[in-house]
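In: The following block contains a protein sequence and its predicted model.
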Amino acid sequence: MSEHTGAETPPKDPEALRAEIAETRAELGETAAALAAKADVKARAKESAAQAAQRAKQRAAEVAQRATNTASTVRQKVADTDVAATARQKVADADLPAVARRPLPLGVAAVVATAIAVAIIVAWRRRR
């Protein structure tokens, strides 16, 4: 921006004067546009929100990728160890009675006994 302090004399050539005026207008227009942009709180808030949303999307993508990688690693480790087979083998090798090694028949018997007890109680209450 050209600065006139008053000590300088303006150019006497009309074309040079017009050029200086045009330059000053352009600089003033840029300054006014910059001030208007700073004063537009709504637009600045929207821009800030858009940037925050973009950062959140990027972070979510990074977390999703990390979770996928971790899940893949866990799946591989589980496949390598075959936990269920190891547990079955340990139960079979243990010195346990047959009922403890095969708890299903005991569970079925408990359910049947409970059902019979409930039926007896219901029938007894209806008679009263």
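Out: It's in.
In: Next one: residue 68 from residue 17, what distance?
Out: Using Cβ to Cβ, to the nearest Å, residue 68 is found at 69 Å from residue 17. Every C-beta, even on glycine, is put in place using the N, C-alpha and C of the backbone.
In: same check, this time on residue 116
Out: On the measure of Cβ to Cβ, residue 116 and residue 17 end up 113 Å apart.
In: and what of residue 24?
Out: Applying Cβ to Cβ, the value for residue 24 to residue 17 is 11 Å.
In: do residue 31 as well
Out: Distance of residue 31 to residue 17, computed by Cβ to Cβ: 21 Å.
In: In this structure, which helix is the longest?
Out: Assignment by DSSP state H gives helix 41-81 as the longest helix of the chain.
In: and that helix, what does it pack onto?
Out: Counting by 3 or more Cβ pairs under 8 Å, 6 or more residues apart in numbering; DSSP states H and E, the packing neighbours recorded for helix 41-81 are helix 14-39.
In: Quick check: the spatially most central residue of the chain vs residue 49, distance?
Out: Geometric centre of the chain, nearest residue: residue 60, 4.1 Å, by Cα atoms, centre = their mean. The gap separating residue 60 from residue 49 is 16 Å, by Cβ to Cβ.
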